[in-house]
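K.L.:
Following is a predicted model, sequence given first.
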There are 2 protein chains.
Amino acid sequence: MADSTTIRPLPAAEVTEWDLRADVVIAGYGIAGVCAAIEAARAGAQVLILERTGGWGGAAAMAGGHIYLGGGTPLQHALGFEDTPENMEKFLLAAVGAGADKARIADYCRGSVDHFNWLVESGVPFKEEFWGEPGWEPPHDEGLNYSGGENSAPFNAIATPAPRGHVPQMTDKKVGQRSGGYMLMKPLSETAEKLGVRAEYDLRLRRLVVDETGRVVGVRATRFGEDVTVRAERGVVLATGSFAYQQQMIENHAPRLIGRPAAAIEEHDGIGIRLAQALGADVAHLDATEVAFFGDPQMLARGVLVNGRGQRYTAEDTYGGHIGQRTLMQQDNQAYLIMDETGYEEALSTVTATPFFRQPPKWAAESIAELETEIGLPEQALQTTIDTYNLHAAKGSDPLLGKKPEWVRPLTGSFAAWDMRGFTAGFTLGGLRTDLDARVLHVSGEPIAGLFAAGRCTSGICTGGYVSGASLGDGSFYGRRAGIAAAISENATE
Amino acid sequence: MADSTTIRPLPAAEVTEWDLRADVVIAGYGIAGVCAAIEAARAGAQVLILERTGGWGGAAAMAGGHIYLGGGTPLQHALGFEDTPENMEKFLLAAVGAGADKARIADYCRGSVDHFNWLVESGVPFKEEFWGEPGWEPPHDEGLNYSGGENSAPFNAIATPAPRGHVPQMTDKKVGQRSGGYMLMKPLSETAEKLGVRAEYDLRLRRLVVDETGRVVGVRATRFGEDVTVRAERGVVLATGSFAYQQQMIENHAPRLIGRPAAAIEEHDGIGIRLAQALGADVAHLDATEVAFFGDPQMLARGVLVNGRGQRYTAEDTYGGHIGQRTLMQQDNQAYLIMDETGYEEALSTVTATPFFRQPPKWAAESIAELETEIGLPEQALQTTIDTYNLHAAKGSDPLLGKKPEWVRPLTGSFAAWDMRGFTAGFTLGGLRTDLDARVLHVSGEPIAGLFAAGRCTSGICTGGYVSGASLGDGSFYGRRAGIAAAISENATE
């Protein structure tokens, strides 16, 4: 019978035969796994990746492809943007908010330019073209855009705005087709293969194998119901993704995401986190979540977004992930978008309209008073919001929330409203606590010997607020660290 | 040298001598510990409590004393209030919000009347007097009040309001003196003593002792720098309180509480949670926090509370813990209280003014427009808020937030404003995941043999929203369960 009934560690003494062996064994062939594999192989280790599905890619290959990088990357420079590690750090600390992992953010920002160069050297292409319109992703194969609200309130007053969403070029990008994430994973997996990295597919991670000293020396997996036991001579790297699809963990840690997982894959069942917890591993920020808002950024920027009481609560021209978090976490997932005819027609005519997010308005009226009644808001609730907005918009400003002057204009004429209640979904950001070498930390604060982790099974640079590209960013960055640390880890004694 | 350098479990095989022995060993002599002790002793076990300080009490003895009970307790009946377990459950599910532990809440509500009777039988006195004014605690020795916003919006529309804050009678209660919490702990500790429960003081919990099967069979503590090793023949109960004073855990799990712990004691360093995590114990809702709001409820009910943008965001006449959570978590800790002269004078003259929360206004003005400017809010931001409030208040209603008609009145005349930014503090609610028998659960979902827990080192009935009395409530309720479960646990074999 296959070993699928417990997640408790398997004592090495109970292993009678190792089916597979490698110096470094990596669970998960997504962004963290492939980067760990490349670096471990370059450090001289024999590397084996165990992947649960039938091929490489993970959630990364389906992602839009943003990699959050800055501090003055060659791509930023080529496109005329100034940035420094300190400026990037200042922005990230503000965007992440309370609970920011300061040491990690500093480390990541300082290593960001090198990491960009490493990706390029590893075959990842970036096109020297900037996309400056509001939107989740560039519509074509542009290589750089704002992906975290850097140029919007309140962050544009805190750090010098610089775009940091680096997107690998997908030359034949079409709506619904392969993405920048695919074009990140493809060259990296080819690089790994060239370095002799082996991969075994359809292997489901079940347990960690631990020797009598507590060191992790392998993993127990199953393949089509049969046990497969794998020896890791130097170390095991967990790169198994988030827990967005593990119902019990979602209920226990991030209950606002119940019923609304997104940008994750069903394999994200938190197994890596739970196996390490069974060894006493520490966790961090399990409540933190990315939250997308399913509103078209071109419409939002030209409209007024209000909560369930008709009050504005966010600059409408900022990063959608920021709007999503504020809507779900702070506004009970209640939102209405108000537009006038001029704004709506203008948004519809833009080339960056997001077809998926488009829907006709639910309500239309000749006055805000009428619209207010139709939506069912208390008398004056919406009228005063729009009056105040218009009062300041006439002067080109938004003192309440800092929307940029270019998007501020009094709403006039006839109006429409969109019902955006519940228009959010997301994935989890919390996970194993690791040190900057990607070693998994025990609750005692000491590393667990032989165990490394990176990607969304760990707590990364975003422990609260989010920026697009942080997951492929820290997954690749600390994936590399994990590969190096595992490769130079002292050999386990059998 | 004393054993204070690691929190990893100590193998029983390494213990050469047991300094103390008991059937059930309880760490922590607060509310959960004393209730566990009483029940374990009544079930026939020899019980030993290990307390870190010099006496019984814990955070409980310093608390206001609310015990959240309902479903039709004799005290509720005597004071003319109807309640059922189903009604209580309906309220709690709404008050707790997403992530509510439904099975636990149902269990707690169904056992609530019995638990009240048990407390009375164990010597805890309750005076048959109701206090109905807004406030954190009754000002005298009244035994019952609303302690969770049951009679306020939005909850009064969800379940039939019933007061459930049961407060032990402290006959000589004076401001700043001993509290209802003391009068809860005193008779319970006396009951425990009569049952032969032993207690050892000044013992600091350091490690759990685990046998070769993984069962917890004792604890390692230190006393004034010397190791004390304690054998638990049947089980160990963790009743060590929250992690409000453990900086690393606060940063990792509840960062909004950084620098603002309250209603906790410095001994609340999460040690029980961390020791169990080192054995692979699961945790839940580590981000959940109680948050108090330091505003006088009598003033709040008569005023208008606005956020940093001058917008209302809560019914002002509700439970302060609800206002606190909304302010800290959803309004970036920004709040201003606006009152008119009539309301302020009325509030000052009430007998339940909370002296501690009283401060003079920061701003005063003859008009809201002027006040708005003085506070520094954008033009019209506050004026429209008060206009809309007044428009509906003139009709005796508050359609925006559901403040009760008795508190709704247009603000007129001259005005004052209080700067209440940052007026919040709280304690942590998350902790070990346990089953309804208070057995500590491993991340595999199975109980960890020999290990039980209750109180604020566990995740209890409040996993998000909070009601006053929930901590003494579930601490005492599941403390009893822990004592029983430990007492009937199969003997450990030495």
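P.N.:
On my side now, so go ahead. Residues are numbered from 1 along each chain as shown, chains lettered A, B, ... in the order given.

K.L.:
Quote the end-to-end distance of stretch A:55-73.
P.N.:
31 Å (Cα to Cα, to the nearest Å).

K.L.:
pLDDT averaged over that stretch - what is it?
P.N.:
For stretch A:55-73, the mean per-residue pLDDT is 94.

K.L.:
Buried ones in that stretch, by neighbour count?
P.N.:
A:56-73 (16 or more other Cβ atoms under 10 Å in any protein chain shown). Where you see a C-beta, it was placed from the backbone N, CA and C, and this is true even at glycine.

K.L.:
go on, stretch A:39-51?
P.N.:
So stretch A:39-51, judged by 16+ other Cβ under 10 Å, has buried residues A:Glu39, A:Ala40, A:Ala41, A:Ala43, A:Ala45, A:Gln46, A:Val47, A:Leu48, A:Ile49, A:Leu50, A:Glu51.

K.L.:
Which two of those residues have the greatest separation?
P.N.:
A:Ala43 and A:Glu51 (21.2 Å; Cβ to Cβ).

K.L.:
so what does the longest helix belonging to chain A touch, helix or strand wise?
P.N.:
If each helix of chain A is counted by residues according to DSSP state H, the longest one is helix A:470-487. Packing partners of helix A:470-487 (3 or more Cβ pairs under 8 Å, 6 or more residues apart in numbering or on different chains; DSSP states H and E): strand A:20-27, helix A:31-42, strand A:67-68, helix A:102-110, helix A:112-121, helix A:180-194, strand A:226-238, strand A:447-453.

K.L.:
could the ones you listed be laid out in JSON lines, adding distance to B:Glu372?
P.N.:
JSON lines is the format used below for the helices and strands packed on helix A:470-487 (distance: least, Cβ to Cβ, whole Å):
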{"stretch": "strand A:20-27", "distance to B:Glu372": "58"}
{"stretch": "helix A:31-42", "distance to B:Glu372": "50"}
{"stretch": "strand A:67-68", "distance to B:Glu372": "39"}
{"stretch": "helix A:102-110", "distance to B:Glu372": "37"}
{"stretch": "helix A:112-121", "distance to B:Glu372": "43"}
{"stretch": "helix A:180-194", "distance to B:Glu372": "47"}
{"stretch": "strand A:226-238", "distance to B:Glu372": "54"}
{"stretch": "strand A:447-453", "distance to B:Glu372": "51"}
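
K.L.:
Mean neighbour count, these: which tops it?
P.N.:
helix A:31-42 (a mean of 31; mean count of other Cβ atoms under 10 Å in any protein chain shown).

K.L.:
Can you give me the domain assignment for chain A?
P.N.:
Domains of chain A are assigned by automatic domain parsing as A:1-294+A:425-494, A:295-422.

K.L.:
close to chain B, is the last one?
P.N.:
Just to be clear, that refers to domain A:295-422. Yes. Against chain B, domain A:295-422 shows contacts by Cβ under 8 Å from any Cβ of the partner chain at A:309, A:311-313, A:329-331, A:378-381, A:384-385, A:387-388, A:391-392, A:399-401.

K.L.:
roughly how far out does whichever strand or helix holds A:Met299 sit from the chain middle?
P.N.:
Secondary structure from DSSP states H and E places A:Met299 in helix A:297-302. Distance, stretch centre to chain centre, for helix A:297-302: 22 Å (Cα atoms, centre = their mean, to the nearest Å).

K.L.:
Would you mind identifying the next helix or strand past it?
P.N.:
Following helix A:297-302 in sequence, per DSSP H and E, is strand A:304-306.

K.L.:
In strands, which of the buried residues of stretch A:55-73 fall?
P.N.:
The strands, defined by DSSP state E, take in A:Ile67, A:Tyr68 from the buried residues of stretch A:55-73.

K.L.:
Let me see the confidence value for the residue of chain A most remote from its centre.
P.N.:
Relative to the centre of chain A, and counting by Cα atoms, centre = their mean, the farthest-placed residue is A:Glu366 at 41.2 Å. As predicted, A:Glu366 sits at a pLDDT of 97.

K.L.:
out of everything not next to it in sequence, what's closest to the residue in the stretch 101-250 of chain A that chain B sits nearest to?
P.N.:
Going by Cβ to the nearest Cβ, chain B is nearest to A:Gln248 of the stretch 101-250 of chain A, at 7.9 Å. Leaving out its chain neighbours, the residue that sits closest to A:Gln248 by Cβ to Cβ, 6 or more residues apart in numbering or on different chains is B:Gly445, at 7.9 Å.

K.L.:
what about that neighbour, distance to A:Asp83?
P.N.:
Here B:Gly445 is placed at a distance of 47 Å from A:Asp83 (Cβ to Cβ, to the nearest Å).

K.L.:
Have a look at those two and say which one is more surrounded.
P.N.:
More crowded of B:Gly445 and A:Asp83, by other Cβ atoms under 10 Å in any protein chain shown: A:Asp83, with 25 against 13.

K.L.:
three-state assignment of the more buried one?
P.N.:
coil (DSSP: H, G, I helix; E, B strand; the rest coil).

K.L.:
Also the one 5 residues further on?
P.N.:
Of the three states, A:Met88 takes helix under three-state DSSP.

K.L.:
picking that back up, how many residues are close by the nearest residue to the residue farthest from the centre of chain A once chain neighbours are set aside?
P.N.:
Nearest non-adjacent residue to A:Glu366, counting by Cβ to Cβ, 6+ apart: A:Ser414, 5.2 Å away. Look at A:Ser414: counted by other Cβ under 10 Å, it has 14 neighbours.

K.L.:
Report the contact partners of A:Ser414.
P.N.:
Residues in contact with A:Ser414 (Cβ atoms under 8 Å, 6 or more residues apart in numbering or on different chains) are A:Asp340, A:Glu341, A:Ala364, A:Ala365, A:Glu366.

K.L.:
quick one, strands of the stretch 151-300 of chain A?
P.N.:
A:165-166, A:198-200, A:204-210, A:216-223, A:226-238, A:283-284, A:289-293 (DSSP state E, counting those that start in this stretch).

K.L.:
measure A:Phe294 to A:Leu371 for me?
P.N.:
21 Å.

K.L.:
Please identify which of the two sits among more neighbours.
P.N.:
In terms of neighbours (other Cβ under 10 Å), A:Leu371 is the more surrounded of A:Phe294 and A:Leu371; the figures are 23 against 17.

K.L.:
With adjacent residues omitted, what lies nearest to that one?
P.N.:
Nearest to A:Leu371 is A:Ala365, by Cβ to Cβ, 6+ apart, at 4.0 Å.
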